[in-house]
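Chemist: would you be able to build a 3D model of this:
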Amino acid sequence: MSEIIKKHLQGVSLFKELSEEEIQPIVEISKMRMYKARSFVFMQGDTLDRVFFIHSGKVKIQKTDASGKEQIVSILQDEEMFPHSGFFRKGSFPAHAEILEDAQLIVIPIVDFEMILIKYPGLCIKLFRVLGEKIVDLQNRLEEQILHDTYARIIMLLLRLCKSNGVQIDDKYKITTHFTNRELANMIGTSRETMSRTITYLRKNELIATDEDGYFLIDLNKLENEII
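Modeler: Numbering: from 1, shown residues only. Have a look, this model is predicted:
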């Protein structure tokens, strides 16, 4: 199992430049865990004591407010890590992590992970870059929320999903995760009804389609032209 963990961690951008000698201590504090679809890795508010790297499967990160309303923050897949906050301080998980597809996760106790970061300053720099990218993404989403109407925000969401959860097939992008209209709506804070009407409109105008398995097929160029 340790060889599987090592091979996977060597593919994670955070660890790619580490030598065999440098990565071995990380492998020694890592464990592989299996999670079934629809199970939770942790709940919002739980003590933040672990960091996770996805070996296989997909994980949905979502927040819940005091009224019970859900906001989907991101959909994560192979070689991504989570959470992206809570290092070098005591705290709690800022969101729920739900398994979308049966998953194998590499789990590292956060205290041990912090000691590795202290030992290898280069890892700290890489981690800060990852966190910086997340901050830029959140800033872009806030800008979308403030400056654009709901139709444009739905278009931007679909474009974002093409890049984060899509694969190119001929002249279209296939989003490789099934999303309900409610889940899509929760990603940008709109209603399920509004999302449903917009998706129907986009289908009628041949901007998006679905394949025989129900996955979205998206014409990236046509969608981008909708918000130019």
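Chemist: from here on, just use CA atoms for contacts and neighbour counts.
Modeler: Fine.
Chemist: using the three-state scheme, assign Asn221.
Modeler: helix (DSSP: H, G, I helix; E, B strand; the rest coil).
Chemist: again with the one 4 residues further on
Modeler: State at Asn225, reduced to three classes by three-state DSSP: helix.
Chemist: count of residues packed around Phe194?
Modeler: That one is not Phe; residue 194 is Thr. 16 (other C-alpha atoms under 10 Å).
Chemist: and the end-to-end length of stretch 13-30?
Modeler: End-to-end distance of stretch 13-30 (C-alpha to C-alpha, to the nearest Å): 17 Å.
Chemist: any weak-confidence spans in the chain?
Modeler: 86, 88, 228 (pLDDT under 70).
Chemist: so which residue is dead centre in it?
Modeler: In the chain, the residue lying closest to the centroid (C-alpha atoms, centre = their mean) is Leu76, at 2.8 Å.
Chemist: ok, now how distant is that one from Glu22?
Modeler: Leu76 is 26 Å from Glu22, by C-alpha to C-alpha.
Chemist: cool, and Leu159?
Modeler: Between Leu159 and Glu22 the computed distance is 38 Å (C-alpha to C-alpha).
Chemist: more crowded one of these two?
Modeler: Using other C-alpha under 10 Å as the criterion, Leu159 and Glu22 rank with Leu159 on top: 21 against 14.
Chemist: for that one, what are its contacts?
Modeler: Going by C-alpha atoms under 8 Å, 6 or more residues apart in numbering, Leu159 touches Leu220, Leu223, Glu224.
Chemist: likewise Arg203?
Modeler: Arg203 is in contact with Ala209, counting by C-alpha under 8 Å, 6+ apart.
Chemist: I'd guess it is in a helix, am I close?
Modeler: Yes. Under three-state DSSP, Arg203 falls within a helix.
Chemist: which parts of the protein are strands?
Modeler: Ranges of strands within the chain are 31-35, 40-42, 50-64, 70-76, 81-82, 96-109, 166-169, 172-175, 208-210, 216-218, based on DSSP state E.
Chemist: out of these, nearest to Lys90?
Modeler: For those, proximity to Lys90 was assessed by C-alpha to C-alpha; strand 50-64 is nearest, at 11.6 Å.
Chemist: helices or strands up against that closest one?
Modeler: Packed against strand 50-64 by the contact rule (3 or more C-alpha pairs under 8 Å, 6 or more residues apart in numbering; DSSP states H and E) you find strand 70-76, strand 81-82, strand 96-109, helix 110-119.
Chemist: that one vs strand 31-35, what angle?
Modeler: Angle of strand 50-64 versus strand 31-35, following axes from the mean of the first three to the mean of the last three C-alpha atoms, to 10 degrees, is 30 degrees.
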